[in-house]
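J.: Provided below for reference: sequence and predicted model.
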Amino acid sequence: MSVHGDPIPMTARRGAALSGTAEVPGDKSISHRALILGALSVGETRITGLLEGQDVLDTAHAMRAMGAEVTHHGPGEWTVQGVGVGGFAEPADVIDCGNSGTGVRLIMGAMATCPITATFTGDASLRKRPMGRVTDPLALFGAQAVGRAGGRLPMTIVGAAQPVPVRYSVPVPSAQVKSAVLLAGLNAPGETVVIEREATRDHTERMLAGFGAEIRVEDSDEGRIITLTGQPELTPQTIAVPRDPSSAAFPVCAALIVEGSDVLVPGIGLNPTRAGLFTTLREMGAGLTYENEREEGGEPVADLRARFSPDMRGIEVPPERAPSMIDEYPILSVVAAFAQGPTVMRGIKELRVKESDRIAAMADGLTACGARVETGADWMTVHGMGPGGLPGGATCATHLDHRIAMSFLVAGLAAQAPVTVDDAGPIATSFPVFEPLMERLGATFDGAERCV
Ligand SMILES: O=C(O)C1=C[C@@H](OP(=O)(O)O)[C@@H](O)[C@H](O)C1
Ligand SMILES: C=C(OP(=O)(O)O)C(=O)O
(Lines give C-alpha, C1' and ligand atoms only; values in the text may rest on other atoms or scores of the structure.)
(Ligands and ions follow the chains in the order given, each with its own letter.)
Protein backbone atom coordinates (compact mmCIF):
# COMPACT_ATOMS: atom_id res chain seq x y z
CA MET A 1 0.00 0.00 0.00
CA SER A 2 1.33 3.41 -0.93
CA VAL A 3 2.06 5.86 1.87
CA HIS A 4 4.16 8.40 0.03
CA GLY A 5 3.23 7.59 -3.57
CA ASP A 6 0.37 8.85 -5.70
CA PRO A 7 -2.81 9.72 -3.79
CA ILE A 8 -5.27 6.84 -3.46
CA PRO A 9 -8.84 8.13 -3.37
CA MET A 10 -11.38 5.94 -1.61
CA THR A 11 -15.12 6.14 -1.07
CA ALA A 12 -17.25 4.73 1.76
CA ARG A 13 -20.99 4.23 1.36
CA ARG A 14 -23.84 3.27 3.61
CA GLY A 15 -24.62 -0.45 3.40
CA ALA A 16 -25.43 -3.37 5.61
CA ALA A 17 -25.03 -3.42 9.39
CA LEU A 18 -21.50 -4.14 10.65
CA SER A 19 -21.06 -7.37 12.55
CA GLY A 20 -18.36 -9.79 13.67
CA THR A 21 -14.99 -9.56 15.36
CA ALA A 22 -12.37 -6.92 14.58
CA GLU A 23 -8.84 -7.94 15.56
CA VAL A 24 -7.00 -4.64 15.36
CA PRO A 25 -3.18 -4.54 15.16
CA GLY A 26 -0.68 -3.82 17.93
CA ASP A 27 -0.34 -0.53 19.74
CA LYS A 28 1.72 1.99 17.80
CA SER A 29 3.12 3.83 20.84
CA ILE A 30 4.20 0.61 22.53
CA SER A 31 5.65 -0.78 19.28
CA HIS A 32 7.98 2.22 18.78
CA ARG A 33 9.14 1.99 22.40
CA ALA A 34 9.71 -1.78 22.26
CA LEU A 35 12.08 -1.35 19.29
CA ILE A 36 13.93 1.61 20.81
CA LEU A 37 14.37 0.12 24.29
CA GLY A 38 15.23 -3.23 22.74
CA ALA A 39 17.97 -1.43 20.79
CA LEU A 40 19.27 0.15 24.01
CA SER A 41 19.45 -3.06 26.02
CA VAL A 42 22.24 -5.64 26.04
CA GLY A 43 21.11 -8.90 24.40
CA GLU A 44 18.01 -10.04 22.57
CA THR A 45 14.53 -8.57 23.06
CA ARG A 46 11.64 -10.61 21.63
CA ILE A 47 8.49 -8.82 20.49
CA THR A 48 5.16 -10.31 19.47
CA GLY A 49 2.20 -8.34 18.16
CA LEU A 50 4.40 -5.52 16.87
CA LEU A 51 2.44 -3.09 14.69
CA GLU A 52 3.80 -3.44 11.16
CA GLY A 53 2.59 -0.02 10.09
CA GLN A 54 4.94 2.25 8.19
CA ASP A 55 5.61 4.51 11.21
CA VAL A 56 6.96 1.59 13.21
CA LEU A 57 8.83 0.09 10.24
CA ASP A 58 10.61 3.44 9.87
CA THR A 59 11.67 3.23 13.53
CA ALA A 60 12.94 -0.33 12.98
CA HIS A 61 14.99 0.94 10.05
CA ALA A 62 16.41 3.77 12.18
CA MET A 63 17.43 1.35 14.93
CA ARG A 64 19.29 -0.75 12.34
CA ALA A 65 20.99 2.37 11.01
CA MET A 66 22.24 3.04 14.56
CA GLY A 67 23.73 -0.41 15.00
CA ALA A 68 20.98 -2.63 16.46
CA GLU A 69 20.15 -5.91 14.77
CA VAL A 70 16.41 -5.88 14.10
CA THR A 71 14.98 -9.09 12.62
CA HIS A 72 11.51 -9.88 11.34
CA HIS A 73 10.55 -13.52 11.95
CA GLY A 74 6.86 -13.65 11.00
CA PRO A 75 3.69 -11.60 11.37
CA GLY A 76 4.23 -9.31 14.39
CA GLU A 77 7.23 -11.34 15.54
CA TRP A 78 10.50 -9.48 15.81
CA THR A 79 13.77 -9.64 17.71
CA VAL A 80 16.16 -6.82 18.52
CA GLN A 81 19.82 -7.33 19.45
CA GLY A 82 20.58 -4.19 21.39
CA VAL A 83 23.75 -2.11 21.52
CA GLY A 84 23.31 -1.01 25.16
CA VAL A 85 22.65 2.46 26.62
CA GLY A 86 25.05 4.94 24.99
CA GLY A 87 26.05 2.39 22.33
CA PHE A 88 24.36 3.82 19.24
CA ALA A 89 26.59 3.97 16.15
CA GLU A 90 26.58 7.06 13.95
CA PRO A 91 24.15 6.47 11.07
CA ALA A 92 25.79 6.59 7.64
CA ASP A 93 22.85 8.37 6.03
CA VAL A 94 19.89 10.61 6.81
CA ILE A 95 17.26 8.95 9.05
CA ASP A 96 13.84 9.20 7.37
CA CYS A 97 11.06 8.87 9.94
CA GLY A 98 8.35 9.16 7.29
CA ASN A 99 5.08 10.38 8.80
CA SER A 100 5.93 9.64 12.43
CA GLY A 101 6.18 12.32 15.10
CA THR A 102 6.64 9.67 17.76
CA GLY A 103 9.44 7.96 15.85
CA VAL A 104 11.52 11.04 15.15
CA ARG A 105 11.07 12.67 18.57
CA LEU A 106 11.83 9.52 20.59
CA ILE A 107 14.84 8.62 18.46
CA MET A 108 16.22 12.17 18.71
CA GLY A 109 15.93 11.83 22.49
CA ALA A 110 17.58 8.43 22.57
CA MET A 111 20.62 9.55 20.51
CA ALA A 112 21.02 13.05 22.01
CA THR A 113 23.27 11.87 24.82
CA CYS A 114 25.41 9.62 22.59
CA PRO A 115 28.60 11.01 20.99
CA ILE A 116 27.22 10.75 17.45
CA THR A 117 25.66 13.06 14.89
CA ALA A 118 22.46 12.20 13.03
CA THR A 119 20.31 14.01 10.51
CA PHE A 120 16.55 13.42 10.50
CA THR A 121 13.88 14.05 7.93
CA GLY A 122 10.35 12.94 7.15
CA ASP A 123 7.48 13.33 4.71
CA ALA A 124 5.80 16.63 3.85
CA SER A 125 3.58 16.35 6.94
CA LEU A 126 6.40 15.60 9.40
CA ARG A 127 8.58 18.36 7.93
CA LYS A 128 5.91 20.89 9.00
CA ARG A 129 5.74 19.73 12.62
CA PRO A 130 7.55 21.53 15.47
CA MET A 131 10.71 19.86 16.79
CA GLY A 132 11.77 22.71 19.14
CA ARG A 133 9.60 21.16 21.85
CA VAL A 134 12.10 18.27 21.89
CA THR A 135 15.36 20.00 20.94
CA ASP A 136 14.91 22.67 23.69
CA PRO A 137 15.15 20.12 26.53
CA LEU A 138 17.78 18.08 24.63
CA ALA A 139 20.00 21.20 24.58
CA LEU A 140 20.00 21.11 28.41
CA PHE A 141 21.73 17.72 28.22
CA GLY A 142 24.40 19.29 25.98
CA ALA A 143 23.06 18.23 22.56
CA GLN A 144 23.01 20.69 19.65
CA ALA A 145 20.34 20.90 16.96
CA VAL A 146 20.36 22.66 13.62
CA GLY A 147 17.22 22.52 11.53
CA ARG A 148 15.07 24.61 9.24
CA ALA A 149 13.33 27.80 10.38
CA GLY A 150 10.86 27.24 13.20
CA GLY A 151 12.68 24.10 14.37
CA ARG A 152 11.51 22.04 11.39
CA LEU A 153 13.02 18.95 9.76
CA PRO A 154 15.40 18.18 8.13
CA MET A 155 17.40 18.62 11.31
CA THR A 156 20.81 17.51 12.52
CA ILE A 157 21.42 16.61 16.15
CA VAL A 158 24.96 16.55 17.49
CA GLY A 159 24.77 14.32 20.56
CA ALA A 160 26.34 15.48 23.81
CA ALA A 161 29.84 14.03 24.28
CA GLN A 162 29.60 14.63 28.04
CA PRO A 163 25.90 14.69 28.85
CA VAL A 164 24.61 16.10 32.13
CA PRO A 165 21.30 15.05 33.72
CA VAL A 166 18.45 17.57 33.65
CA ARG A 167 15.34 18.59 35.53
CA TYR A 168 12.64 19.56 33.03
CA SER A 169 9.04 20.62 33.36
CA VAL A 170 7.25 19.73 30.11
CA PRO A 171 5.45 22.89 28.90
CA VAL A 172 2.86 21.13 26.69
CA PRO A 173 0.99 17.91 27.49
CA SER A 174 3.11 15.60 25.31
CA ALA A 175 4.18 12.02 25.87
CA GLN A 176 6.62 12.42 22.99
CA VAL A 177 8.46 15.28 24.73
CA LYS A 178 8.39 13.49 28.09
CA SER A 179 9.70 10.31 26.45
CA ALA A 180 12.45 12.10 24.50
CA VAL A 181 13.76 13.60 27.76
CA LEU A 182 13.61 10.27 29.59
CA LEU A 183 15.38 8.43 26.75
CA ALA A 184 18.08 11.12 26.70
CA GLY A 185 18.34 10.80 30.50
CA LEU A 186 19.22 7.14 30.08
CA ASN A 187 22.78 8.01 29.08
CA ALA A 188 23.30 10.97 31.42
CA PRO A 189 25.08 10.19 34.70
CA GLY A 190 22.86 10.89 37.74
CA GLU A 191 19.14 11.60 38.05
CA THR A 192 17.05 13.11 35.25
CA VAL A 193 13.73 14.50 36.47
CA VAL A 194 10.75 15.16 34.20
CA ILE A 195 7.67 16.94 35.53
CA GLU A 196 4.38 16.83 33.67
CA ARG A 197 1.44 18.90 34.86
CA GLU A 198 -1.09 16.73 33.02
CA ALA A 199 -0.65 12.97 32.86
CA THR A 200 0.06 11.73 29.33
CA ARG A 201 0.43 8.14 28.12
CA ASP A 202 2.91 6.40 30.41
CA HIS A 203 4.19 3.57 28.21
CA THR A 204 7.80 4.84 28.37
CA GLU A 205 7.83 4.85 32.16
CA ARG A 206 6.25 1.40 32.36
CA MET A 207 8.58 -0.08 29.77
CA LEU A 208 11.73 1.50 31.25
CA ALA A 209 10.83 -0.13 34.57
CA GLY A 210 10.25 -3.43 32.73
CA PHE A 211 13.74 -3.23 31.15
CA GLY A 212 15.20 -2.78 34.65
CA ALA A 213 15.84 0.98 34.77
CA GLU A 214 15.54 2.70 38.12
CA ILE A 215 12.53 4.98 37.67
CA ARG A 216 10.16 6.53 40.24
CA VAL A 217 6.90 8.33 39.63
CA GLU A 218 5.37 10.57 42.30
CA ASP A 219 2.19 12.61 42.17
CA SER A 220 2.60 16.11 43.60
CA ASP A 221 0.97 19.57 43.43
CA GLU A 222 3.28 20.31 40.46
CA GLY A 223 1.98 17.20 38.64
CA ARG A 224 3.68 13.86 37.97
CA ILE A 225 7.36 13.89 38.89
CA ILE A 226 9.35 11.18 37.10
CA THR A 227 12.89 10.47 38.29
CA LEU A 228 15.18 8.27 36.22
CA THR A 229 18.68 7.15 37.23
CA GLY A 230 20.99 7.35 34.23
CA GLN A 231 23.38 4.81 32.74
CA PRO A 232 21.64 1.56 33.74
CA GLU A 233 22.31 -1.69 31.94
CA LEU A 234 18.91 -2.47 30.41
CA THR A 235 17.93 -6.14 30.44
CA PRO A 236 16.31 -7.47 27.26
CA GLN A 237 12.64 -8.32 27.55
CA THR A 238 9.93 -10.43 25.98
CA ILE A 239 7.17 -8.01 25.01
CA ALA A 240 3.64 -8.89 23.89
CA VAL A 241 2.27 -5.68 22.40
CA PRO A 242 -1.44 -5.17 23.26
CA ARG A 243 -3.89 -4.17 20.52
CA ASP A 244 -4.12 -0.43 19.88
CA PRO A 245 -7.06 1.45 21.46
CA SER A 246 -6.52 4.27 18.95
CA SER A 247 -7.09 1.82 16.08
CA ALA A 248 -9.96 0.08 17.93
CA ALA A 249 -11.68 3.47 17.96
CA PHE A 250 -12.55 3.13 14.24
CA PRO A 251 -14.51 -0.15 14.21
CA VAL A 252 -16.03 0.76 17.60
CA CYS A 253 -17.28 4.14 16.40
CA ALA A 254 -18.42 2.72 13.06
CA ALA A 255 -20.55 0.15 14.91
CA LEU A 256 -22.11 2.88 17.06
CA ILE A 257 -23.32 4.91 14.06
CA VAL A 258 -24.16 2.26 11.43
CA GLU A 259 -27.73 1.02 11.90
CA GLY A 260 -28.11 -2.50 13.27
CA SER A 261 -24.39 -3.06 13.98
CA ASP A 262 -22.90 -5.26 16.70
CA VAL A 263 -19.09 -5.62 16.71
CA LEU A 264 -16.60 -7.20 19.12
CA VAL A 265 -13.10 -5.71 19.29
CA PRO A 266 -11.08 -8.09 21.49
CA GLY A 267 -7.97 -7.56 23.60
CA ILE A 268 -7.80 -3.77 23.64
CA GLY A 269 -5.33 -2.01 25.95
CA LEU A 270 -7.32 0.16 28.37
CA ASN A 271 -4.46 1.95 30.10
CA PRO A 272 -6.26 4.94 31.69
CA THR A 273 -3.84 7.32 29.92
CA ARG A 274 -5.30 6.06 26.60
CA ALA A 275 -8.95 5.20 27.23
CA GLY A 276 -10.57 8.67 27.30
CA LEU A 277 -12.56 8.12 24.09
CA PHE A 278 -14.35 5.07 25.45
CA THR A 279 -15.31 6.92 28.67
CA THR A 280 -16.61 9.80 26.55
CA LEU A 281 -18.64 7.53 24.27
CA ARG A 282 -20.26 5.85 27.27
CA GLU A 283 -21.15 9.28 28.70
CA MET A 284 -22.82 10.08 25.37
CA GLY A 285 -25.02 7.01 25.78
CA ALA A 286 -23.13 4.65 23.47
CA GLY A 287 -23.88 0.93 23.68
CA LEU A 288 -20.24 0.15 24.45
CA THR A 289 -19.40 -2.49 27.02
CA TYR A 290 -16.16 -3.91 28.38
CA GLU A 291 -16.17 -7.71 28.46
CA ASN A 292 -13.63 -10.13 29.93
CA GLU A 293 -11.64 -7.38 31.71
CA ARG A 294 -8.15 -8.62 32.59
CA GLU A 295 -4.44 -7.70 32.86
CA GLU A 296 -1.95 -8.59 30.13
CA GLY A 297 1.74 -7.67 30.32
CA GLY A 298 1.03 -5.21 33.14
CA GLU A 299 -1.64 -3.32 31.14
CA PRO A 300 -5.42 -3.46 31.71
CA VAL A 301 -7.13 -5.10 28.73
CA ALA A 302 -10.76 -5.85 27.78
CA ASP A 303 -12.86 -6.99 24.83
CA LEU A 304 -14.93 -4.04 23.61
CA ARG A 305 -18.45 -4.68 22.35
CA ALA A 306 -20.07 -1.87 20.40
CA ARG A 307 -23.67 -1.85 19.20
CA PHE A 308 -25.58 0.63 17.06
CA SER A 309 -26.57 3.48 19.41
CA PRO A 310 -29.39 5.64 18.06
CA ASP A 311 -29.81 7.56 21.37
CA MET A 312 -26.38 9.17 21.74
CA ARG A 313 -26.41 12.75 23.06
CA GLY A 314 -23.74 15.41 22.57
CA ILE A 315 -21.75 16.30 25.69
CA GLU A 316 -19.03 18.69 26.86
CA VAL A 317 -15.86 16.62 26.86
CA PRO A 318 -13.88 17.56 30.02
CA PRO A 319 -10.71 19.36 28.78
CA GLU A 320 -8.55 17.55 31.34
CA ARG A 321 -9.41 14.31 29.54
CA ALA A 322 -7.75 15.51 26.31
CA PRO A 323 -4.33 13.83 26.78
CA SER A 324 -5.99 10.43 27.25
CA MET A 325 -7.82 10.68 23.91
CA ILE A 326 -5.74 13.17 21.95
CA ASP A 327 -5.65 11.06 18.76
CA GLU A 328 -9.35 10.22 19.00
CA TYR A 329 -10.92 13.67 18.54
CA PRO A 330 -11.24 13.26 14.76
CA ILE A 331 -13.32 10.08 15.08
CA LEU A 332 -15.21 11.50 18.09
CA SER A 333 -16.20 14.47 15.95
CA VAL A 334 -17.70 12.01 13.43
CA VAL A 335 -19.70 10.22 16.14
CA ALA A 336 -20.80 13.65 17.42
CA ALA A 337 -22.30 14.42 14.01
CA PHE A 338 -24.62 11.40 14.46
CA ALA A 339 -25.60 12.22 18.08
CA GLN A 340 -28.37 14.57 19.22
CA GLY A 341 -27.26 18.12 20.14
CA PRO A 342 -23.83 19.72 20.34
CA THR A 343 -20.61 18.02 21.40
CA VAL A 344 -18.14 20.55 22.75
CA MET A 345 -14.42 19.68 22.71
CA ARG A 346 -12.13 22.12 24.54
CA GLY A 347 -8.43 22.14 25.44
CA ILE A 348 -7.46 20.53 22.14
CA LYS A 349 -4.94 22.96 20.66
CA GLU A 350 -2.36 20.15 20.35
CA LEU A 351 -4.55 18.85 17.50
CA ARG A 352 -3.29 21.74 15.39
CA VAL A 353 0.28 20.28 15.30
CA LYS A 354 -0.43 16.64 14.50
CA GLU A 355 0.02 15.04 11.05
CA SER A 356 -2.36 17.79 9.95
CA ASP A 357 -4.23 20.61 11.71
CA ARG A 358 -6.90 18.17 12.83
CA ILE A 359 -9.35 20.83 14.05
CA ALA A 360 -9.33 22.47 10.62
CA ALA A 361 -9.32 19.17 8.68
CA MET A 362 -12.33 17.78 10.56
CA ALA A 363 -14.24 21.06 10.53
CA ASP A 364 -13.73 21.47 6.77
CA GLY A 365 -14.67 17.90 5.90
CA LEU A 366 -17.67 17.68 8.22
CA THR A 367 -18.93 21.03 6.95
CA ALA A 368 -18.57 19.78 3.35
CA CYS A 369 -20.64 16.75 4.43
CA GLY A 370 -23.42 19.06 5.66
CA ALA A 371 -22.72 19.32 9.42
CA ARG A 372 -22.54 22.55 11.40
CA VAL A 373 -19.17 22.88 13.09
CA GLU A 374 -17.74 25.79 15.05
CA THR A 375 -14.05 26.12 15.93
CA GLY A 376 -11.64 28.30 17.88
CA ALA A 377 -7.91 28.20 18.55
CA ASP A 378 -8.27 25.31 20.99
CA TRP A 379 -11.85 24.08 20.69
CA MET A 380 -14.39 22.62 18.33
CA THR A 381 -18.16 22.12 18.58
CA VAL A 382 -20.00 19.67 16.33
CA HIS A 383 -23.78 20.03 16.14
CA GLY A 384 -25.22 16.53 15.94
CA MET A 385 -27.81 15.64 13.30
CA GLY A 386 -29.00 12.40 14.90
CA PRO A 387 -28.68 8.81 13.64
CA GLY A 388 -28.30 8.71 9.86
CA GLY A 389 -28.63 12.50 9.79
CA LEU A 390 -25.35 13.55 8.18
CA PRO A 391 -25.96 14.27 4.46
CA GLY A 392 -22.41 13.28 3.28
CA GLY A 393 -21.82 13.41 -0.47
CA ALA A 394 -18.46 15.24 -0.22
CA THR A 395 -14.80 14.63 -0.98
CA CYS A 396 -12.70 15.31 2.12
CA ALA A 397 -9.03 16.27 2.11
CA THR A 398 -6.88 14.07 4.33
CA HIS A 399 -3.66 16.16 4.37
CA LEU A 400 -1.35 13.10 4.72
CA ASP A 401 -3.16 12.25 7.97
CA HIS A 402 -4.22 8.63 8.60
CA ARG A 403 -6.70 9.51 11.34
CA ILE A 404 -8.47 12.06 9.14
CA ALA A 405 -8.72 9.51 6.31
CA MET A 406 -10.14 6.76 8.54
CA SER A 407 -12.54 9.17 10.28
CA PHE A 408 -14.17 10.31 7.03
CA LEU A 409 -14.38 6.77 5.70
CA VAL A 410 -16.26 5.78 8.88
CA ALA A 411 -18.52 8.82 8.41
CA GLY A 412 -19.30 7.61 4.90
CA LEU A 413 -20.52 4.26 6.23
CA ALA A 414 -23.40 6.01 8.02
CA ALA A 415 -24.01 9.21 6.02
CA GLN A 416 -26.91 9.57 3.58
CA ALA A 417 -24.62 9.89 0.53
CA PRO A 418 -21.11 8.39 0.05
CA VAL A 419 -18.06 10.16 1.43
CA THR A 420 -14.77 10.14 -0.49
CA VAL A 421 -11.30 10.77 0.90
CA ASP A 422 -8.73 12.17 -1.51
CA ASP A 423 -5.96 9.89 -0.23
CA ALA A 424 -6.29 6.71 1.82
CA GLY A 425 -2.54 5.94 1.47
CA PRO A 426 -1.54 7.34 4.91
CA ILE A 427 -3.77 4.78 6.66
CA ALA A 428 -0.86 2.33 6.25
CA THR A 429 1.18 4.33 8.78
CA SER A 430 -0.85 3.07 11.75
CA PHE A 431 -3.55 0.62 10.57
CA PRO A 432 -2.40 -1.17 7.40
CA VAL A 433 -5.28 -3.67 7.52
CA PHE A 434 -8.02 -1.07 8.06
CA GLU A 435 -9.86 -1.67 4.77
CA PRO A 436 -9.92 -5.50 4.79
CA LEU A 437 -10.78 -5.52 8.49
CA MET A 438 -13.68 -3.12 8.02
CA GLU A 439 -14.83 -4.95 4.87
CA ARG A 440 -14.96 -8.23 6.79
CA LEU A 441 -17.36 -6.51 9.21
CA GLY A 442 -19.52 -5.57 6.21
CA ALA A 443 -18.24 -2.09 5.30
CA THR A 444 -18.56 -0.97 1.68
CA PHE A 445 -15.57 0.87 0.22
CA ASP A 446 -14.86 1.69 -3.41
CA GLY A 447 -11.22 1.83 -4.35
CA ALA A 448 -10.10 -0.40 -1.49
CA GLU A 449 -8.74 -3.05 -3.85
CA ARG A 450 -6.11 -0.54 -4.98
CA CYS A 451 -4.85 -0.24 -1.43
CA VAL A 452 -4.24 -3.77 -0.18
O1 LIG B 1 4.12 9.16 22.70
C2 LIG B 1 3.38 8.67 21.82
O3 LIG B 1 3.50 7.49 21.44
C4 LIG B 1 2.35 9.53 21.24
C5 LIG B 1 2.03 10.72 21.83
C6 LIG B 1 1.02 11.65 21.32
O7 LIG B 1 1.68 12.76 20.77
P8 LIG B 1 2.13 14.04 21.65
O9 LIG B 1 3.19 13.64 22.57
O10 LIG B 1 2.61 15.06 20.65
O11 LIG B 1 0.88 14.49 22.35
C12 LIG B 1 0.14 11.02 20.26
O13 LIG B 1 -0.56 12.02 19.57
C14 LIG B 1 0.91 10.16 19.30
O15 LIG B 1 0.07 9.54 18.38
C16 LIG B 1 1.65 9.07 20.02
C1 LIG C 1 -0.32 11.97 16.20
C2 LIG C 1 -0.09 10.72 15.80
O3 LIG C 1 1.14 10.16 15.55
P4 LIG C 1 2.59 10.80 15.50
O5 LIG C 1 2.63 12.03 16.38
O6 LIG C 1 3.49 9.72 15.99
O7 LIG C 1 2.89 11.14 14.08
C8 LIG C 1 -1.22 9.78 15.59
O9 LIG C 1 -0.94 8.59 15.37
O10 LIG C 1 -2.41 10.17 15.64
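T.: Cool, the structure landed. On a predicted model such as this, the values are computed, not experimentally measured, just so you know. Ligands and ions are numbered 1, 2, ... in the order given.
J.: so who does residue 280 touch?
T.: Residues near residue 280 by CB atoms under 8 Å, 6 or more residues apart in numbering: 315, 317, 321, 325, 332. Heads up, the C-betas are built off the backbone N, CA and C, glycines and all.
J.: from the stretch 301-450 of the chain, which residue is nearest to ligand 2?
T.: Nearest residue of the stretch 301-450 of the chain to ligand 2: residue 327, at 3.7 Å (CB to the nearest ligand atom).
J.: need the pLDDT of that residue.
T.: You'll see residue 327 listed with a pLDDT of 98.
J.: three-state assignment of it?
T.: What DSSP: H, G, I helix; E, B strand; the rest coil gives for residue 327 is helix.
J.: what about it, how many neighbours?
T.: 24 (other CB atoms under 10 Å).
J.: about what we covered before: show me the contacts of residue 280 that map onto strands.
T.: residue 317 (DSSP state E).
J.: of the contacts of residue 280, which are in range of ligand 1?
T.: By CB under 6 Å from any ligand atom, no member of the contacts of residue 280 lies near ligand 1.
J.: report the two of the contacts of residue 280 separated the most.
T.: 315 and 325 (12.9 Å; CB to CB).
J.: interface residues of the protein facing ligand 1?
T.: Contact residues (CB under 6 Å from any ligand atom) of the chain with ligand 1: 29, 101-102, 174-176, 179, 201, 326-327, 350.
J.: and those as CSV, adding secondary structure?
T.: Output for the residues of the chain next to ligand 1, formatted as CSV (three-state DSSP):
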residue, secondary structure
29, helix
101, helix
102, helix
174, coil
175, helix
176, helix
179, helix
201, coil
326, helix
327, helix
350, helix
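J.: which one of these sits closest to residue 74?
T.: Checking those against residue 74 with CB to CB, the nearest one is residue 29 at 22.6 Å.
J.: per-residue pLDDT, the closest one?
T.: 97.
J.: correct me, but residue 243 touches residue 49?
T.: Yes - if you go by CB atoms under 8 Å, residue 243 and residue 49 touch, sitting 7.5 Å apart.
J.: so what sits against both of those two?
T.: 25-26.
J.: ok so, going back, more neighbours: which of residue 315 and residue 325?
T.: Each of residue 315 and residue 325 has its neighbours counted (other CB under 10 Å); residue 325 has more, 25 against 18.
J.: how much space between the more buried one and residue 297?
T.: Using CB to CB, to the nearest Å, residue 325 is found at 22 Å from residue 297.
J.: likewise for residue 36?
T.: Residue 36 is 17 Å from residue 297, by CB to CB.
J.: more neighbours: the two, which one.
T.: Using other CB under 10 Å, the more surrounded residue of residue 36 and residue 297 is residue 36, with 28 against 17.
J.: tell me which element the more buried one is part of?
T.: Here residue 36 sits within helix 28-39, counting by DSSP states H and E.
J.: end to end, how far does stretch 37-53 reach?
T.: Stretch 37-53 has an end-to-end distance of 18 Å (CA to CA, to the nearest Å).
J.: in that stretch, what counts as buried?
T.: Buried residues in stretch 37-53, counted by 16 or more other CB atoms under 10 Å: 37-41, 45-53.
J.: make JSON lines from the residues you listed and add pLDDT to it.
T.: Shown next, in JSON lines, are those (pLDDT from 0 to 100):
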{"residue": "37", "pLDDT": "98"}
{"residue": "38", "pLDDT": "98"}
{"residue": "39", "pLDDT": "98"}
{"residue": "40", "pLDDT": "98"}
{"residue": "41", "pLDDT": "98"}
{"residue": "45", "pLDDT": "98"}
{"residue": "46", "pLDDT": "98"}
{"residue": "47", "pLDDT": "98"}
{"residue": "48", "pLDDT": "97"}
{"residue": "49", "pLDDT": "97"}
{"residue": "50", "pLDDT": "98"}
{"residue": "51", "pLDDT": "98"}
{"residue": "52", "pLDDT": "98"}
{"residue": "53", "pLDDT": "98"}
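J.: pull the most distant pair out of those.
T.: So, the buried residues of stretch 37-53 by CB to CB: farthest apart are 41 and 53, at 23.2 Å.
J.: quick one: average pLDDT of stretch 357-368?
T.: For stretch 357-368, the mean pLDDT works out to 98.
J.: all helices for the stretch 151-300 of the chain, in order.
T.: Counting by DSSP state H, counting those that start in this stretch, the stretch 151-300 of the chain has helices at residues 175-185, 203-210, 245-257, 276-283.
J.: do you know which of the ones you listed lies nearest residue 395?
T.: helix 245-257 (19.6 Å).
J.: mind listing what's buried in that closest one?
T.: Residues of helix 245-257 classed as buried by neighbour count (16+ other CB under 10 Å): 245-257.
J.: skip the chain neighbours and tell me the closest residue to the most far-flung residue of the chain relative to its centre.
T.: Ranked by distance from the centre of the chain (CA atoms, centre = their mean), the top residue is residue 162, with 32.6 Å. Counting by CB to CB, 6 or more residues apart in numbering, residue 162 lies nearest to residue 142, which is 6.5 Å off, once chain neighbours are set aside.
J.: so what's the one you found up against?
T.: Applying CB under 8 Å, 6+ apart to residue 142 gives the contacts 113, 160-164.
J.: how much space separates it from residue 115?
T.: Computed as CB to CB, the residue 142 to residue 115 distance reads 10 Å.
J.: before we move on, what about residue 337?
T.: Distance, residue 337 to residue 115, by CB to CB: 52 Å.
J.: out of those two, which sits in the busier spot?
T.: Legend: neighbour count by other CB under 10 Å for residue 337 and residue 115, higher for residue 337 (28 against 15).
J.: what sits against that one?
T.: Contacts here follow CB under 8 Å, 6+ apart; on that basis residue 337 touches 366, 369, 371, 382, 384-385, 389-390, 411.
J.: at 7 Å instead, please
T.: Going by CB atoms under 7 Å, 6 or more residues apart in numbering, residue 337 touches 366, 371, 382, 384-385, 390, 411.
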